[in-house]
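**Q** test case, fold it:
(2 chains)
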Amino acid sequence: MLLKFNASIVKESLLLLRDKAGLAMLFIMPMALVLLMTLLQDTTLKLLDERRTPIFVINYDADTFGVSVLNGLKQARFFDVHTKLNDKALTEEELRRYVLEGKFRVGIIIHKGASDALRNKIKTEIQEQFPAEEESLFEVDHDAENVLPRVDIYFDPIIKNDFKNAMTSALREFSYAVEAKMIFEIYAELIQDITDIEIKQNNGFQNIIDFREEYATERESRMVPNSVQHNVPAWTIFAMFFIVIPLAGNIIKERETGLAMRLRTMPGSNLPVILGKAFVYFIVGIFQAILMLMIGLFVLPLFGTPALIIGSGILPLFLITIAVSMAASGYGILIGTIATTQEQSSIFGSISVVILAALGGIWVPTFVMSDMMLKVSRFSPLNWALNGYYEVFLRSAGVSDVFGYIVLLILFFVFCIGLAFLYNKYKKSLS
Amino acid sequence: MSENFIQIKGLTKRYKHAAEPAVNKLDLEIEKKTVFGLLGPNGAGKTTTISIICNQINADSGTVTIDGKDLSADRERIKRIIGVVPQDIALYPNLSAYENLKFFGNMYGLSGNSLKDRIKKNMLDFGLEHKLHKKIKTFSGGMKRRVNLIAGILHKPQILILDEPTVGIDVQSKNVILEHLKNLNKNNDTTILYTSHLMDEAEQFCTQVGIIDEGKLIAVGNPKAMIEEYKTCYKLEDIYLLLTGRSLRD
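**A** Alright, predicted model coming up:
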């Protein structure tokens, strides 16, 4: 058994070391993948951060409400606010057309008298708080009592719901600030009238609450989740699972050239030979992971990204890497056993890895998935791998925290090898 | 006294979706130390018979007994005494001859200096000692066939099964292979079962031949005795054509 296992390891290692194209695929391509995907996503995130969304505002209310909302939008770093196009104000119809054509993502119309309407509404509300028999505190325009300040918002049809929500939230925030300011002003005027004391008006009530943003990692950890922390482990797993293609191809090649047949005529089980093959590719997976982590640590910072920070330590990282590599090599053995041609194995192998990656949250984070897809994603070994790495890289996890994922990945390896073994037996029984 | 080393009784195998069985109630007895040629046109059932003996596929019915042991009950023990040389060059092209042979030797449980010595001796016997550490992909067709053969005899099998071992090679390589097989048969008492389409080669090389067609054995005997028996035939090929017909086979 051991002799066969060792012989298989030596043979596979020699074959792999002499296959320059195969080695390039196993190491250079994943390196390029991690590098490119991380840099691309990093650049995209920066662009999203730096590139403001063009919006156009027609402000017919040259009073507190209109001016404050306009200023608020201008001060928000997400929007590139336009009030004129080629030095010309737009009509409502033109604005709607430009938004439809995508020239502006959002068009906002603040209607005339919005401030007056708001003020009137506030005064009416305050008046209603006093007994009806009391004399009127303000001069309220009763004709305009039910007129509300009006703001129309037009969205580019291709805009995502997330952005729409963000936009409306921002507008509401500015409106509440104006409302609060107006209420303060009206009460100040009222108190001044009653007490004859001059009330100093300021905006001190704004931003009273101190929102402190921190990531819920260990206190002593200096990790800041960023594109490197997310992308390096994600694409490392993806690349590790791509050993399915050369490994499955290797198995099929042995079958096509009569080598598998020759091996089956030899005494003893063929399992040590298969396990020896899996072991070599398992080691390849470990080296791939080490190499790609090195890229995160030393190469990506050369391109201006933050360096990868290995969170909770080497041991949980090492254990989860071993489990991922085992799962990937087991999957390769299974695909190589079931596929009948090289074409089949490379197409099915690559597409299945892409599907498992998509389900597992490599392409799209699982938290944006629907409930159903979230449930499905839990069946992807790449999801277990990614969660394991995230535990280490983002949540400062210890061995016990990643243990569940390690067990799942090892069980997946055992399942693949077992299924391949049973499938071989089944095929032989049919022949 | 001769003994039946390989006994095949009522062997039947029908492949899935095939109209006719590939091997149909085949009975065959091969004595120890025989060089037995299994001859027949394409699709006659030669490879299926060999594949069953080599444990590649299972028979639907019938029995195969080798050295008194039932194949279905004693597979592992029988595998140890059989050497198989497939028609394909079943070698790793990117490994040297030595690396290939070491790997296959290990698969038979051989290791260390004894394996090393066997590899060197065989490479020398087959005129390949200077190519020991060269990659298989740099070898000629004849050289590859010779290494392919060595891989099947490293463990000194009692039965050597060869599927068209001399197909597509030059006369010199063919001569070396056949000479070596004769020596194995003579010096090591190795029983040889081989298939071929080359009637002249079979006539010269085999001590017994069996002609198989449509899964059934239609003639068996010593080639020279058979030629004497069939008065109108002057060589084995004539008997073969007489028995299997001249129509083309797919």
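
**Q** tell me which element the closest residue to A:I295 other than its chain neighbours falls in.
**A** Excluding its sequence neighbours, the residue lying closest to A:I295 (Cβ to Cβ, 6 or more residues apart in numbering or on different chains) is A:V34, at 5.5 Å. (C-beta placed from N, C-alpha, C; glycine too.) A:V34 is part of helix A:29-50, with elements assigned from DSSP states H and E.

**Q** after that helix comes which helix or strand?
**A** Taking DSSP H and E, what comes next after helix A:29-50 is strand A:53-59.

**Q** could you point out the helix or strand that follows that next one?
**A** Downstream of strand A:53-59, the first helix or strand assigned by DSSP H and E is helix A:64-75.

**Q** gap between that following helix and the chain center?
**A** 32 Å (Cα atoms, centre = their mean, to the nearest Å).

**Q** what does that helix contact?
**A** A:55, A:57, A:59-61, A:79, A:81, A:83, A:108, A:110, A:114-115, A:118-119, A:149, A:151, A:170-171, A:173-175, A:177-178, A:181-182 (Cβ atoms under 8 Å, 6 or more residues apart in numbering or on different chains).

**Q** next step: those restricted to strands.
**A** A:55, A:57, A:59, A:79, A:81, A:108, A:110, A:151 (DSSP state E).

**Q** residues contacting A:Q288?
**A** A:26-27, A:30, A:236, A:239-240, A:243, A:325.

**Q** now swap in A:G332 and tell me
**A** Counting by Cβ under 8 Å, 6+ apart, A:G332 has contacts A:243-248, A:251, A:278, A:281, A:349.

**Q** give me the element the spatially most central residue of chain B is part of.
**A** Centroid-nearest residue in chain B: B:L162, 2.0 Å away (criterion: Cα atoms, centre = their mean). Taking DSSP H and E as the criterion, B:L162 maps to strand B:159-163.

**Q** what residues does A:M240 make contact with?
**A** A:30, A:285, A:288-289, A:324-325, A:328, A:385.

**Q** residue numbers of chain A in contact with chain B?
**A** Neighbours of chain B within chain A, by Cβ under 8 Å from any Cβ of the partner chain: A:3-4, A:6-8, A:10-11, A:14-15, A:18-19, A:257-259, A:261-268, A:273, A:428-431.

**Q** filter those to the buried ones?
**A** A:3-4, A:7-8, A:10-11, A:14-15, A:257-259, A:261-268, A:273 (16 or more other Cβ atoms under 10 Å in any protein chain shown).

**Q** among those residues, which are located in helices?
**A** If you go by DSSP state H, these have A:3-4, A:7-8, A:10-11, A:14-15, A:259, A:261-264, A:273 in helices.

**Q** Throw those residues into JSON lines and include pLDDT, thanks.
**A** JSON lines is the format used below for those (pLDDT from 0 to 100):
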{"residue": "A:L3", "pLDDT": "93"}
{"residue": "A:K4", "pLDDT": "94"}
{"residue": "A:A7", "pLDDT": "96"}
{"residue": "A:S8", "pLDDT": "96"}
{"residue": "A:V10", "pLDDT": "96"}
{"residue": "A:K11", "pLDDT": "96"}
{"residue": "A:L14", "pLDDT": "95"}
{"residue": "A:L15", "pLDDT": "93"}
{"residue": "A:L259", "pLDDT": "93"}
{"residue": "A:M261", "pLDDT": "89"}
{"residue": "A:R262", "pLDDT": "91"}
{"residue": "A:L263", "pLDDT": "92"}
{"residue": "A:R264", "pLDDT": "89"}
{"residue": "A:V273", "pLDDT": "92"}
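
**Q** nearest to B:L149 among the residues you listed?
**A** Taking Cβ to Cβ as the measure, B:L149 sits nearest to A:R262 out of these, at 12.0 Å.

**Q** about what we covered before: distance check, the residue nearest to A:I295 against A:A357.
**A** Distance, A:V34 to A:A357, by Cβ to Cβ, to the nearest Å: 14 Å.

**Q** give me the more crowded residue out of these two.
**A** Using other Cβ atoms under 10 Å in any protein chain shown as the criterion, A:V34 and A:A357 rank with A:V34 on top: 27 against 23.

**Q** contacting residues for the residue of the stretch 151-300 of chain A found nearest chain B?
**A** As assessed by Cβ to the nearest Cβ, chain B sits closest to A:G258 within the stretch 151-300 of chain A, at 3.3 Å. By Cβ under 8 Å, 6+ apart, A:G258 lies in contact with B:86-90.

**Q** quick one: buried residues of the helix or strand of chain B with the lowest mean pLDDT?
**A** Every helix and strand in chain B was compared by mean pLDDT, DSSP states H and E; the lowest is helix B:236-244, with a mean of 83. Within helix B:236-244, the residues that count as buried by 16+ other Cβ under 10 Å are B:236, B:239-240, B:243-244.

**Q** same check on stretch B:113-123?
**A** Quick answer for stretch B:113-123 (16+ other Cβ under 10 Å): B:115, B:118-119, B:122-123.

**Q** filter these down to the ones close to chain A.
**A** Within the buried residues of stretch B:113-123, nothing lies near chain A by Cβ under 8 Å from any Cβ.

**Q** pretty sure B:L28 sits in a strand.
**A** Yes. Under DSSP: H, G, I helix; E, B strand; the rest coil, B:L28 sits within a strand.

**Q** wait, it sits on B:N4?
**A** No. Using Cβ atoms under 8 Å as the test, B:L28 is too far from B:N4 to be in contact (9.6 Å).
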